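In: Turn this into a model:
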Amino acid sequence: MPRHRHGHGSNLTQIDRNASERERRRSMKDLYSRLAFLIPTPCPQGSLPELVDEATTHIKQMKERVEMLKQKKQQVEGNIDKISNADEVISGGSGSITRSSMIAVSHLDSILQICLISGVTDNCKFILICQVIHVLMEEAARLVALNYSIMGYRIFCTIHAEPVSSRIGIETSRVEERLKELISPTS
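Out: Residues are numbered from 1 along each chain as shown. Down below sits the predicted model:
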């Protein structure tokens, strides 16, 4: 007889435990589905440990990328400060380009990114940009995007280019050398 009393009570608790376990499993399945959706390279029906491994790797890569981008941002901000502090102008034939122009070239995948900051007078705002594009064309690069902002007598420009032929590619160091020659002061 005592078995029935405990049995009836334990049946209810067992049913409650089973229901809560089902709910927990459903919740975990939903969470793993969300996690799999957030990872850029989805695992093809891999196990949960593989999914968690992939997510962990992705998070580490994203942290490294954030750190790299923070360092680049600080570098660019430092260069902007240098440009703001040095405002000497070299007179040229059709206009003037400040001595404090700055150019940075980086290669991201197959895209070449050029960041240009230059002080210019009103009559030559786009001369330097045209010269940069001309160098890119000579180096077998095709212009993908160009963004610029003008603030007072400063122009901030970002240019993205890709190789005309993926087999040939773009020699980043040579492009950077030629572009730096453009902005280096000539007496």
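In: ok, which stretches of the protein are strands?
Out: 89-91, 96-98, 102-108, 111-119, 141-151, 154-163 (DSSP state E).
In: Mean pLDDT lowest where, among those strands?
Out: With a mean of 38, strand 89-91 has the lowest mean pLDDT of the strands of the chain.
In: on that earlier part again, right, and the strands of the chain - which one's nearest residue 20?
Out: With Cβ to Cβ as the criterion, residue 20 lies closest to strand 102-108 of the strands of the chain, at 49.2 Å. Yep, even glycine has a C-beta here, placed from its N, CA and C like the rest.
In: tell me which strands and helices the closest one is in contact with?
Out: helix 48-85, strand 111-119, helix 172-183 (3 or more Cβ pairs under 8 Å, 6 or more residues apart in numbering; DSSP states H and E).
In: Identify whichever of the strands of the chain lies nearest to residue 63.
Out: strand 102-108 (18.3 Å).
In: Within the sheet, what are the partner strands of that closest one, with directions?
Out: Strand 102-108 has its sheet partners listed here by DSSP bridges as strand 111-119 (antiparallel).
In: What residues sit buried inside the strand it pairs with?
Out: The neighbour-count criterion (16 or more other Cβ atoms under 10 Å) identifies 112-119 as the buried residues of strand 111-119.
In: Quickly note the distance from the residue most central in space within the chain to residue 75.
Out: Centroid-nearest residue in the chain: residue 69, 7.0 Å away (criterion: Cα atoms, centre = their mean). Counting by Cβ to Cβ, to the nearest Å, the gap from residue 69 to residue 75 is 11 Å.
In: repeat for residue 128
Out: Using Cβ to Cβ, one obtains 21 Å as the distance from residue 128 to residue 75.
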